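Give me the fold of what follows.
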Amino acid sequence: MTIRILLAEDDDSMREYLSRALEKTGYSVTTVDRGTAALPLLENQRFDLLLTDIVMPEMDGIELAQRASVLAPDMRVMFITGFAAVALKNGQTPPDAKVLSKPFHLRDLVLEVDRMFQVGTAADL
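The predicted model follows:
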């Protein structure tokens with residue numbers, strides 16, 4: 001079974017870069033450029049992982065994760081951010097969410113995703 005990832009990242013080049021790396025290692029990736037664009041997808045499709053930037057226009061990644069946890073309670077969440085301290089404040093994030101701080105190597109991202117789903121693809125990078 002292919003693991004499906006919803007990637008919410010407002011930076012075009014970062015979104016493309018991350019999507020390509022994850023697809024190369026066998027994940028199915030759907031991308032959006034803002035949190036508000038992710039909500040309709042979460043209502044109509046099943047995803048295994050929400051991979052979201054925290055700082056985005058219209059709706060930040062924390063609010064997106066909170067809404068996603070209602071729509072898809074079994075979906076895992078990973079934040080990618082240059083503001084890790086912000087992600088961890090006030091217990092606003094889902095309790096088992098992962099936080100990956102920018103900058104990071106693509107291998108680190110894939111390793112974290114692999115760990116979440118107990119698979120081994122990062123060796124391909």
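
Model confidence for the residue nearest to the spatial centre of the chain, exactly?
Using CA atoms, centre = their mean, the residue of the chain that lies closest to the mean C-alpha position is residue 51, 0.3 Å off. With respect to pLDDT, residue 51 scores 97.

Quickly find the element holding it.
strand 49-53 (DSSP states H and E).

which outside residues touch the next helix or strand after that strand?
For strand 49-53, the following helix or strand on the C-terminal side (DSSP H and E) is helix 61-71. Contact partners of helix 61-71, identified using CB atoms under 8 Å, 6 or more residues apart in numbering, comprise 8, 35, 38-39, 42-43, 50, 52-56, 75, 77, 79, 81, 87, 92-94, 97. (Glycine included, C-beta is placed from N, CA and C.)

Not counting sequence-adjacent ones, nearest residue to residue 96?
Spatial nearest neighbour of residue 96, excluding adjacent residues (CB to CB, 6 or more residues apart in numbering): residue 76 at 7.2 Å.

just checking, the one you found touches residue 50?
Yes. At 7.3 Å, residue 76 and residue 50 qualify as touching, with contact defined as CB atoms under 8 Å.

more crowded one of those two?
In this view residue 76 and residue 50 are compared by other CB atoms under 10 Å, and residue 50 has more residues nearby, 26 against 19.

Return the distance of the more buried one relative to residue 96.
As judged by CB to CB, to the nearest Å, residue 50 and residue 96 stand 12 Å apart.

Which neighbours do those two have in common?
With CB under 8 Å, 6+ apart as the test, residue 50 and residue 96 both reach 76-77.

Are we agreed that residue 94 is in a strand?
No. Residue 94: not assigned to a strand; according to DSSP: H, G, I helix; E, B strand; the rest coil it is coil.
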